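1. got a sequence here, can you model it:
(2 chains)
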Amino acid sequence: MEAAAGERAEPGNLAGVQHIILVLSGKGGVGKSTISTQLALALRHAGKKVGILDVDLCGPSIPRMLQSQGRAVHQCDSGWVPVFVDQEQSVSLMSVGFLLEKPDEAVVWRGPKKNALIKQFVSDVAWGELDYLVVDTPPGTSDEHMATVEALRPYRPLGALVVTTPQAVSVGDVRRELTFCRKTGLRVMGVVENMSGFTCPHCMECTSIFSSGGGEELARHAGVPFLGSVPLDPELTRSLEEGRDFIQEFPKSPAFPALTSIAQKILDATPACLS
Amino acid sequence: MEEVPHDCPGADSAQAGRGASCQGCPNQRLCASGAGAAPDPAIEEIKEKMKTVKHKILVLSGKGGVGKSTFSAHLAHGLAEDENTQIALLDIDICGPSIPKIMGLEGEQVHQSGSGWSPVYVEDNLGVMSVGFLLSSPDDAVIWRGPKKNGMIKQFLRDVDWGEVDYLIVDTPPGTSDEHLSVVQYLATAHIDGAVIITTPQEVSLQDVRKEINFCHKVKLPIIGVVENMSGFICPKCKVRKESQIFPPTTGGAEVMCQDLKVPLLGKVPLDPRIGKSCDKGQSFLVDAPDSPATSAYRSIIQSEYLGVEGVSVHTSVQIPTGLEGA
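-> Predicted structure coming up:
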């Protein structure tokens, strides 16, 4: 069982964080950042305080998805203050996107420099008290992933959400990610299949644009829970582009039930903490 | 060994090992001895090896999942339809090697001979190399840090016996990191024709692609042009046949970005569910669905003058399009 809040052994800036979830995929472009933000928003609507740590240093997508591009990061005694994306300060975010002088500036770093920044992101951001910290990662099984898992290990993450699309080409990469989780001792909370079909708004017929069935089959093959399929939804894509709160604004959208169900499964899988 | 100081001057700089920020770095002694400053002998070896390769095209994107591997594979298939053209497809995505599956070569192994590693041949005139061929199981993960990935890329360029090649197409992982720096560095003296950059229409992709374009400028890699993939979807079951924008171009898509950054737009490829299926089966989509608008888009991009096919000269600098109204 997870250690309860007050008994967390490690001091430091993550001491007040109850549960850490990593969002991974071997494959790029399957929707890790999308799932990370939607999970964070859904948890927030369930009354939780959530932080998002974006460790994709080359392609930091989260600031835009939460309408926070260009915000400044301030320092305090304990380190960097994360950026609050809402007035109630229930969702906070740290991303390399906030540290760039210009938004189109490329972060052209080799592994060691990326590792150093990730270590700083884990230890030097003053998250304060959080129910959940969602960690969004770039695709792959390399420096960023090793650095993140190593830096977070003392804080005993709840586990990893692994995202795929239905097609075999994605599943092929994501199988390798599951091996990475096994080898690094990271528990897999489950597989999410994203971009599962598109319902044409004109004829209401559903087409499996990126094939079908791969996510569930992958979960079964790997012996991990299948958390659900999220359909392709232009309202979701548009919402992310404009940094809106999809969970609040589009409850009738086809992606809404899938996303809220995944968040509920995470809440159900979270061990209760002594306050 | 990841305790590299934040202000590391770089192993090959004049200040290597001598700067204030070098104090305490585990590499300090090595850098101060000047070892980092010597050029890698592999660069010369690769230059020699690449003498038999006429054209080299990198396929890049800042963003993952936009269709780099799909495009690389189909560019290779399209060019290889001319039996007299010799094509080589090199997959340097070490962590997520998709090319073996897309080319229908899963499970193939690489053979060594006196002249080096043999590529795996799809057709007589289309050879492929990928780390995927070196793995024994589809579940094997390549959990390597940068330096080891760089070593593999060096081997791919130096030790693979490509023979006489007209086009070497290099498929890359998303990002602007080790793999990208290494391939540019190792091919620096061998002359790369340029990069084709893939994007999808939405801003979330474009914002990463702009960084990739800046990367190209930084490392002086010429940009052949941009391809906008997944550009609109016409439902095959729909009598209305109206296009849906699944990945809406909220900031004007690749067209506006290309105008702003003065790079050519090579074309737009629509979404077709048959593309994913062909890739999963390891077949050429151009052959599976010759009637698809996506196939026509691919063919027109392959024949684009910017790609230098059929003897038309390749543009080796960033072009300012004159009278170009998007492809």
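
2. contact partners for residue 181?
-> Chain wasn't specified; assuming chain A. Contacts for A:Cys181 (CB atoms under 8 Å, 6 or more residues apart in numbering or on different chains) come out as A:Leu24, A:Ala160, A:Val162, A:Arg187, A:Val188. In this view, the C-beta of every residue, glycine as well, is placed from N, C-alpha and C.

3. try again with chain B
-> B:Leu181 neighbours (CB under 8 Å, 6+ apart): A:Val108, A:Arg110, B:Val219.

4. which of the contacts of A:Cys181 sits closest to chain B?
-> Using CB to the nearest CB, A:Leu24 is the member of these that sits closest to chain B, with 11.4 Å.

5. how about B:Gly175, nearest residue that isn't a chain neighbour?
-> Spatial nearest neighbour of B:Gly175, chain neighbours left out: A:Cys58 (3.8 Å); criterion: CB to CB, 6 or more residues apart in numbering or on different chains.

6. could you count how many residues lie near that neighbour?
-> 25 (other CB atoms under 10 Å in any protein chain shown).

7. sorry, back to before: between the contacts of A:Cys181, which has the most around it?
-> Busiest of these [other CB under 10 Å] is A:Val162, holding 32 neighbours.

8. assign it to helix, strand or coil.
-> strand (DSSP: H, G, I helix; E, B strand; the rest coil).

9. drop anything exposed from the contacts of B:Leu181.
-> Among the contacts of B:Leu181, the ones that count as buried by 16 or more other CB atoms under 10 Å in any protein chain shown are A:Val108, A:Arg110, B:Val219.

10. contact partners for the first one?
-> In this structure, A:Val108 makes contact with B:Thr176, B:Ser177, B:His180, B:Leu181, B:Phe215, B:Lys218, B:Val219, judged by CB under 8 Å, 6+ apart.

11. ditto for the last one
-> Remark: with contacts taken as CB under 8 Å, 6+ apart, B:Val219 is in contact with A:Val108, B:Leu181, B:Val184.

12. pLDDT and distance to B:Gly116 added to those residues, as a markdown table?
-> Listed next are the contacts of B:Val219 as a markdown table, based on pLDDT from 0 to 100; distance: CB to CB, whole Å:
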| residue | pLDDT | distance to B:Gly116 |
| --- | --- | --- |
| A:Val108 | 89 | 30 |
| B:Leu181 | 93 | 24 |
| B:Val184 | 94 | 22 |
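
13. among the residues you listed, which ones are in strands?
-> Judged by DSSP state E, the subset of the contacts of B:Val219 located in strands is empty.

14. show me which of the residues you listed is closest to B:Ile87.
-> Checking the contacts of B:Val219 against B:Ile87 with CB to CB, the nearest one is B:Val184 at 21.3 Å.

15. just give me the neighbour total for the closest one.
-> Going by other CB under 10 Å, the residues that sit close to B:Val184 add up to 18.

16. now it: how far from B:Gln207?
-> 22 Å (CB to CB, to the nearest Å).

17. again, but for A:Asp104
-> Relative to B:Gln207, and taking CB to CB, A:Asp104 is found at 8 Å.

18. TSV for the contacts of B:Val219, including distance to A:Cys76?
-> Formatted as TSV, those follow (distance: CB to CB, whole Å):
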residue	distance to A:Cys76
A:Val108	30
B:Leu181	35
B:Val184	40
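
19. quick check, B:Gly225 in a strand?
-> Yes. Using three-state DSSP, the assignment for B:Gly225 is a strand.

20. okay, and the beta partners of it?
-> Note on B:Gly225: beta-bridge partners B:Val196, judged by DSSP bridges.

21. what sits against it?
-> B:Val196, B:Ile197, B:Cys258, B:Val263, B:Pro264, B:Leu265, B:Leu266, B:Ser304, B:Tyr306.

22. what separates the fifth one from B:Ile197, distance-wise?
-> According to CB to CB, B:Pro264 stands 10 Å off from B:Ile197.

23. the two: which has the busier surroundings?
-> Shown here are B:Pro264 and B:Ile197; by other CB under 10 Å, B:Ile197 has more neighbours (29 against 22).

24. the closest residue to chain B within the stretch 101-250 of chain A: neighbour count?
-> Here the residue of the stretch 101-250 of chain A nearest chain B is A:Gly111; by CB to the nearest CB that distance is 3.0 Å. Number of residues near A:Gly111 (other CB under 10 Å) recorded here: 23.

25. which residues touch it?
-> Neighbours of A:Gly111 in contact, by CB under 8 Å, 6+ apart: A:Ser142, A:Asp143, B:Glu2, B:Arg145, B:Gly146, B:Pro147, B:Ser177, B:Asp178.

26. which pLDDT value goes with the first one?
-> Among the per-residue scores, A:Ser142 holds a pLDDT of 92.

27. on that earlier part again, for the contacts of B:Leu181, give me a markdown table that also has distance to B:Asn84.
-> As requested, these are arranged in a markdown table below (distance: CB to CB, whole Å):
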| residue | distance to B:Asn84 |
| --- | --- |
| A:Val108 | 39 |
| A:Arg110 | 41 |
| B:Val219 | 33 |
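
28. closest one of the residues you listed to A:Glu88?
-> For the contacts of B:Leu181, the nearest to A:Glu88 is A:Val108 (37.2 Å; CB to CB).

29. distance of the closest one from A:Cys181?
-> On the measure of CB to CB, A:Val108 and A:Cys181 end up 29 Å apart.

30. quick one on the thing from earlier: just the ones in strands from the contacts of B:Gly225, please.
-> Filtering the contacts of B:Gly225 for strands - DSSP E - leaves B:Val196, B:Ile197, B:Leu265, B:Leu266.

31. longest helix of chain A?
-> The longest helix of chain A (DSSP state H) is helix A:168-184.

32. now chain B
-> helix B:203-218.

33. what is that one packed up against?
-> Helix B:203-218 sits against helix A:62-65, helix A:234-241, strand B:53-60, strand B:194-199, strand B:223-228, helix B:253-261, with contacts defined as 3 or more CB pairs under 8 Å, 6 or more residues apart in numbering or on different chains; DSSP states H and E.

34. hey, least reliable of the ones you listed by pLDDT?
-> Of all the helices and strands packed on helix B:203-218, the minimum mean pLDDT falls on helix A:234-241 (a mean of 90).

35. helix or strand right after that one?
-> Of the helices and strands lying after helix A:234-241 in sequence (DSSP states H and E), the nearest is helix A:246-249.

36. and that following helix, how far out from the chain's middle?
-> When distances are taken as CA atoms, centre = their mean, to the nearest Å, helix A:246-249 is centred 17 Å away from the chain's centroid.

37. buried ones in that helix?
-> Neighbour count says helix A:246-249 has A:Phe246, A:Ile247 buried, by 16+ other CB under 10 Å.

38. now that helix: average pLDDT?
-> On average, helix A:246-249 scores 90.

39. now check that helix, is it near chain B?
-> No. Using CB under 8 Å from any CB of the partner chain, helix A:246-249 stays clear of chain B, coming no nearer than 13.5 Å.

40. what's the helix or strand following that helix packed up against?
-> Tracing the chain C-terminally past helix A:246-249 and defining elements by DSSP H and E, one meets helix A:255-269 next. Applying 3+ CB pairs under 8 Å, 6+ apart, we find helix A:255-269 packed against helix A:32-45, strand A:188-199, strand A:226-232, helix A:246-249.

41. what about dumping the CA coordinates of stretch B:160-173 to PDB?
-> The C-alpha trace of stretch B:160-173 is given here as PDB (Å, rounded to 0.1, in the frame of the first residue of the first chain):
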ATOM      1  CA  VAL B 160      25.900  -0.400 -43.800                       C
ATOM      2  CA  ASP B 161      26.800  -1.500 -47.300                       C
ATOM      3  CA  TRP B 162      24.300   0.500 -49.300                       C
ATOM      4  CA  GLY B 163      26.100   0.300 -52.600                       C
ATOM      5  CA  GLU B 164      25.200   2.700 -55.300                       C
ATOM      6  CA  VAL B 165      22.200   4.700 -54.200                       C
ATOM      7  CA  ASP B 166      20.200   7.400 -56.000                       C
ATOM      8  CA  TYR B 167      18.200   8.500 -52.900                       C
ATOM      9  CA  LEU B 168      18.900   7.900 -49.200                       C
ATOM     10  CA  ILE B 169      15.800   8.800 -47.200                       C
ATOM     11  CA  VAL B 170      16.400   9.200 -43.400                       C
ATOM     12  CA  ASP B 171      13.300   8.800 -41.200                       C
ATOM     13  CA  THR B 172      13.800  10.500 -37.800                       C
ATOM     14  CA  PRO B 173      12.100  10.500 -34.400                       C
END
